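Student: Sharing a model prediction with you, sequence too.
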Amino acid sequence: MAKQKEKLVAEITAMETDFTQWYTDVVLKAELIDYSAVKGCMILRPYGFAIWENIQSDLDRRFKDTGHENVAMPMFIPESLLQKEKDHVEGFAPEVAWVTHGGSEALAERLCIRPTSETLFCDHYAKIIQSWRDLPKLYNQWVSVVRWEKTTRPFLRSTEFYWQEGHTAHATEAEAREETLRMLEVYADFYRDALAIPVIRGRKTESEKFAGAEETYTVEAMMHDGKALQSATSHYFGDGFAKAFEIQYSDRNNQLQYVHQTSWGLSTRSIGALIMVHGDDSGLVLPPRIAPIQVMIVPVAMHKDGVLEKARAMKDRLGRSLRVRLDDSDRMPGWKFSEYEMKGVPLRLEIGPRDLAAGQCVAVRRDTGEKTVLPLDQLEQSVRDLLDDIHDNLYAKALKRMNERIWSAAGWDEFSRIIAEKPGFIRAPWCGNEACEAKIKEETGATSRCIPFDQPEQNGSCVCCGKPAVTDVIWGKAY
RNA sequence: CGGGGUGUGGCUCAGGUGGUAGAGCGCUUGCUUCGGGAGCAAGAGGCCGGAGGUUCAAGUCCUCUCACUCCGACCA
């Protein structure tokens, strides 16, 4: 592995100097977003939106492969509809935006701008589900939602954000539970295979559950600064919503039954994860499978005979199977190198007079900075191999970094010392008492990220109170 | 919602004790350049966040607002 290379982009604050500022610099300088006229709302610029489009198309294929259909619900929810499920309203009430007027007339009933769409799907499901033959309903939608957040940050927490929300209705509890876990796996696979991000799968504690859910499952990722990012969630609702919304079907014995439901979502926050897991002091580092530009061709001395022609030929060849761009603007080559490094383009190909004669080009990978010479006659295969290797390397590096920073703590003193001194997660036993969870949050700032699926035979004692533990919990500071 | 910071060309910022706005970068045009952010030349571009007030005179002083940003409590 190449040593940490010199920082080439002066406009970006170094991570060690100020991680938050580094993040803001990257997001703006890489032209992912711009701030908008409305507080907390961001404009997704072409490069940022292209990443989202690639995320969408990859995930959408996985949803279709598991039998789901896309729909689109309205963005407004009548207040009475939102209030049908008690826990759910209580969870979301503080952060909903309300529409009170249509034109100049006050509305008889105010409308909430969806913070999430459970109630809309439920209302619809109640109408269209009558028989066991109507089940399961496996719907998903790609939309934006609005939550009136107090403090906002691009991608991580914005007032309006884009996401997908899957909502399914099943005949039995077993089927619904299976769906909940299936979709969690879809997310985990997606993070590994498309974003090159390792995640920890687990279940949320009672206090961290989604409003209205019986169980919430999560995939948690570790950012470069050691903080956790809840990267996607999948909820099992039981029949709570079905009872509130009277979603019933006749089973094979003509008995009325309530459906069992799930919902699951992944948002543009995943782009925040990409930035904070793979990025470095020179800017973005994008995994090849979702990078809007996978290969950038930079001609050197392009006014010289044959250079531009060869560069164009390379672009045409590679463009048949890859997202390739050629920068034939009159910028200096050095400027272009820095620019595309800042933007995280996984692979750069340089072609100049020296290469022309030799029938080669120079490849520079973004993840390691390593330069290799590629013969032009096997260009397609070499490039594809390099891109695959970059993906694997990014994943391996992120996995290693995460595993190296999951600490264990035997007791309270050790726990609070590690949280204060070392970035990362702590894996430690818990007695199951919410008071301990609350105390840890209160006194150390760490929250329970999840109860990981892989559990040892439990014989430890609670890291907070010392009483016998029931389970291991992953603790950490979170975004 | 509490605490701090900042608002002056597209961007980063200068503009002690009031006197009618400047630099660097970027942008435009031309020529020369091109293997890690090129050089020269000529240009364009600002009612100084907004509203009041003090004054002969306000980026500059006073009051009030708004926005952005950072740090904490709540959340995908």
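Tutor: All right, it came through fine.

Student: can I see the domain layout of chain A?
Tutor: Domains of chain A are assigned by automatic domain parsing as A:19-278, A:295-386, A:406-476.

Student: Now mean pLDDT, distance to A:I12 and mean neighbour count too, for these, in CSV please.
Tutor: For every residue, glycine as well, the C-beta is placed using N, CA and C. Output for the domains of chain A, formatted as CSV (pLDDT from 0 to 100; distance: least, Cβ to Cβ, whole Å; neighbours: other Cβ atoms under 10 Å):
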stretch, mean pLDDT, distance to A:I12, mean neighbour count
domain A:19-278, 94, 4, 19
domain A:295-386, 97, 7, 17
domain A:406-476, 94, 20, 18
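
Student: host element of the residue sitting nearest the centre point of chain A?
Tutor: The structure's chain A has its C-alpha centroid closest to A:S270; by Cα atoms, centre = their mean the separation is 2.0 Å. Secondary structure assignment for A:S270, by DSSP states H and E: helix A:269-278.

Student: so how far does stretch A:275-293 reach from one end to the other?
Tutor: Length of stretch A:275-293, first residue to last, Cα to Cα, to the nearest Å: 16 Å.

Student: go on, stretch A:343-352?
Tutor: Start-to-end span of stretch A:343-352 (Cα to Cα) is 23 Å.

Student: And RNA strand B, is that stretch touching that?
Tutor: Yes. Interface with RNA strand B: stretch A:343-352 contributes A:350-352 (Cβ under 7 Å from any atom of the strand).

Student: From what I see, the residue nearest to the centre of chain A and A:Q230 are in contact.
Tutor: No. Between A:S270 and A:Q230 there is no contact under Cβ atoms under 8 Å: 10.6 Å.

Student: Pull up the gap between A:D134 and A:F210, please.
Tutor: Using Cβ to Cβ, to the nearest Å, A:D134 is found at 25 Å from A:F210.

Student: Apologies, that question was intended for A:G202.
Tutor: 14 Å.

Student: A:I247 now?
Tutor: Per Cβ to Cβ, A:I247 is found 18 Å from A:F210.

Student: same deal with A:E443?
Tutor: A:E443 sits 26 Å away from A:F210, going by Cβ to Cβ.

Student: what does the stretch 51-200 of chain A put close to RNA strand B?
Tutor: Residues of the stretch 51-200 of chain A found near RNA strand B (Cβ under 7 Å from any atom of the strand) are A:94-95, A:147, A:149-153, A:155-159, A:161, A:163.

Student: Mind checking which of those residues land in strands?
Tutor: Among those, the residues falling in strands (DSSP state E) are A:161, A:163.

Student: and the residues of the stretch 51-200 of chain A next to RNA strand B, which two are the farthest apart?
Tutor: Within these, A:P94 and A:F155 form the most distant pair, 22.1 Å apart (Cβ to Cβ).
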